[in-house]
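1. Test case, fold it:
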Amino acid sequence: MEVTNPVGETNTLIIGAGPAGLAVAACLKQRGVPFILLEQGNRVGRAWHDHYDRLHLHTSRGMSGLPGYPMPRSYPRYPSREQVTAYLADYAAHFGLEPHFNQRLLRAERVDGRWLAQTDDRRYTAESLVLATGYTRKPHVPTWPGRDDYTGPVLHSSEYRNGRPFTGQDVLVVGFGNSGGEIAVDLYEHGARPSIAVRSPVNIIPRDTLGISSLQWNLLLSRLPGRLGDLVAAPLVYASVGNVYKHGLRKNRVGPIEQIKTEEQVPLIDVGTVKLIKSGALPLYPGLERFTPGGVVFSDGRACDFDAVVLATGYRPDVGELIPQAGEAIAPGGVPVASGCELGLPGLYVLSLIHISEPTRPD
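-> You can find the predicted model right below:
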């Protein structure tokens, strides 16, 4: 590997100053372990800064604090994007963390028992390497026939900020993950006329039930076998969500708890999407087949015109391109086969990688 501008070495090199990277850095600092924290952006929590305005945590405030520094009690039950970014900045300041900003990792290799990591302009060496680059490292943008002929704007959810530019317009949201469901609500609240294309069977769960968040319920019930946990949870889910599947959605063959366990996918956490579907304000369509100059054709043959299309088609971590030596430890799509443990090579650790969106049509 060709390297430039060596800057010395450390015990542990952490890639990414989001929640996972900051937490690792704080824990190492408390234990007196030397480390360097790299961030490709110009501030901590870059992914949270870049997401759409309406975004809130789906985990409660009490479950969402990082080690050694809880979220402020003044925050609401489900903190907003702005509150999360402020908290991450406060967390870094509290522990005196000083990331090296504007350091984009190009690749890292294991050489002579140490890790050599090359950014755009510097080289770092370390005994251990922690990848905390997150699942949203790269937007996944599928291709469809006719895309170049479509005359309206097409933007990935990573480019979407709010529905204000789409007021009065017919907008198709492609994908029924948590981003797609919430963006559809945001479009409606800004006076747009959203529709949503749902290619795959789904599970839908409420954000909370009986005052307990669904993700807390999952932690409690995940101790049971997946199917048994889903059987116990089913009455609670139905009481909150009802039979939304009669409106045209297809139910996943497994329940939400087993889906998280076996498929590593978080079900749609309802923040108002179900109400719009039931009221008819959010029309449902099957998967997108191709674009036309004025809209799209769906897999059932229906053709509809839309003023704009938002692709809530998820992300790919693509960590394989960063660690070429990892080999079979990285599955197709760049997803590590394990997270939170040593992975494939001595001193290599990967954190905070779980699939968070609907599976999308492959390129």
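2. So which residues of the stretch 101-250 of the chain form helices?
-> In the stretch 101-250 of the chain, the helices defined using DSSP state H, counting those that start in this stretch lie at 178-189, 214-221, 226-241.
3. Out of the ones you listed, which gets nearest to residue 325?
-> Of all these, helix 178-189 sits nearest to residue 325, with 32.7 Å by Cβ to Cβ. Where C-beta positions appear, they are placed from N, C-alpha and C, glycine not excepted.
4. Determine the set of other helices and strands touching that closest one.
-> Here helix 178-189 touches strand 170-174, strand 193-197, strand 268-270, helix 273-279, strand 308-311, going by 3 or more Cβ pairs under 8 Å, 6 or more residues apart in numbering; DSSP states H and E.
5. rewinding a little: and the helices of the stretch 101-250 of the chain, which is most packed in?
-> The highest mean neighbour count among these, using mean count of other Cβ atoms under 10 Å, belongs to helix 178-189: a mean of 24.
6. Kindly provide the whole-number mean pLDDT of that one.
-> Helix 178-189 shows an average pLDDT of 96 in the prediction.
7. contacts for it?
-> 52-55, 58, 157, 160, 162-163, 166, 171, 173-174, 193-194, 196, 266, 268-273, 276, 281-282, 310, 312, 314, 356-358 (Cβ atoms under 8 Å, 6 or more residues apart in numbering).
8. Run the chain-centre distance for the least confident helix or strand in the chain by mean pLDDT.
-> Every helix and strand in the chain was compared by mean pLDDT, DSSP states H and E; the lowest is helix 214-221, with a mean of 74. Taking Cα atoms, centre = their mean, to the nearest Å, one finds the center of helix 214-221 at 19 Å from the center of the full chain.
9. and what of stretch 155-168?
-> 18 Å.
10. Next, work out how far apart residue 190 and residue 52 are.
-> 11 Å (Cβ to Cβ, to the nearest Å).
11. Residue 41 too?
-> 17 Å.
12. still on that earlier bit, tell me the residues that contact both of residue 190 and residue 52, please.
-> Joint contacts of residue 190 and residue 52 (Cβ under 8 Å, 6+ apart) are residue 162.
13. how about CSV for the helices of the stretch 101-250 of the chain, with distance to residue 293 added?
-> Converted to CSV, the helices of the stretch 101-250 of the chain look like this (distance: least, Cβ to Cβ, whole Å):
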stretch, distance to residue 293
helix 178-189, 22
helix 214-221, 42
helix 226-241, 38
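14. For residue 292, find the nearest of those.
-> helix 178-189 (21.1 Å).
15. Give me the distance from the closest one to the chain's centre.
-> 15 Å.
16. quick one on the thing from earlier: of all the helices and strands packed on helix 178-189, which lies closest to residue 214?
-> strand 268-270 (6.2 Å).
17. still on that earlier bit, how much does the least confident helix or strand of the chain deviate in direction from helix 226-241?
-> Using axes from the mean of the first three to the mean of the last three Cα atoms, to 10 degrees, the inter-axis angle of helix 214-221 relative to helix 226-241 is 150 degrees.
18. buried sites along stretch 199-217?
-> 199-200, 202-209, 213-217 (16 or more other Cβ atoms under 10 Å).
19. same thing with stretch 139-159?
-> 140, 144, 150, 152, 154, 156-158.
20. Now do the contacts for residue 320.
-> Taking Cβ under 8 Å, 6+ apart as the test, what residue 320 contacts is 326, 330, 334.
21. Inside strands: which ones of the residues you listed?
-> Among these, the residues falling in strands (DSSP state E) are residue 330.
22. just the contacts of residue 320: which has the poorest pLDDT?
-> residue 334 (75).
23. pretty sure that residue contacts residue 323?
-> No: counting by Cβ atoms under 8 Å, residue 334 does not reach residue 323; the two are 9.8 Å apart.
24. So if I had to pick from the two, which one is more boxed in?
-> residue 323 (26 against 19; other Cβ atoms under 10 Å).
25. can you list the weak-confidence ranges in the protein?
-> The chain contains residues with pLDDT under 70 at 1-8, 264, 333, 352-363.
26. Provide a list of residues in contact with the closest residue in space to residue 190 that isn't next to it in sequence.
-> Closest residue in space to residue 190, ignoring its immediate chain neighbours: residue 163 at 3.1 Å, by Cβ to Cβ, 6 or more residues apart in numbering. Contacts for residue 163 (Cβ under 8 Å, 6+ apart) come out as 171, 183, 186-192.
27. go with 7 Å
-> 186-187, 189-190, 192 (Cβ atoms under 7 Å, 6 or more residues apart in numbering).
28. Could I get these in a markdown table, plus columns for distance to residue 121?
-> Formatted as a markdown table, the contacts of residue 163 follow (distance: Cβ to Cβ, whole Å):
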| residue | distance to residue 121 |
| --- | --- |
| 186 | 38 |
| 187 | 41 |
| 189 | 44 |
| 190 | 41 |
| 192 | 43 |
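29. Looking at those residues, which is nearest residue 341?
-> Nearest member of these to residue 341, counting by Cβ to Cβ, is residue 186, at 37.2 Å.
30. circling back: narrow the contacts of helix 178-189 to those that are buried.
-> For those, buried by 16+ other Cβ under 10 Å: 52, 54-55, 58, 157, 160, 163, 166, 171, 173-174, 193-194, 196, 266, 268-273, 276, 282, 310, 312, 314, 356-358.
31. For my notes, confirm residue 49 occurs in a strand.
-> No: using DSSP: H, G, I helix; E, B strand; the rest coil, the assignment for residue 49 is helix, not a strand.
32. thinking it is in contact with residue 82, fair?
-> No: using Cβ atoms under 7 Å, residue 49 is not in contact with residue 82; the gap is 9.3 Å.
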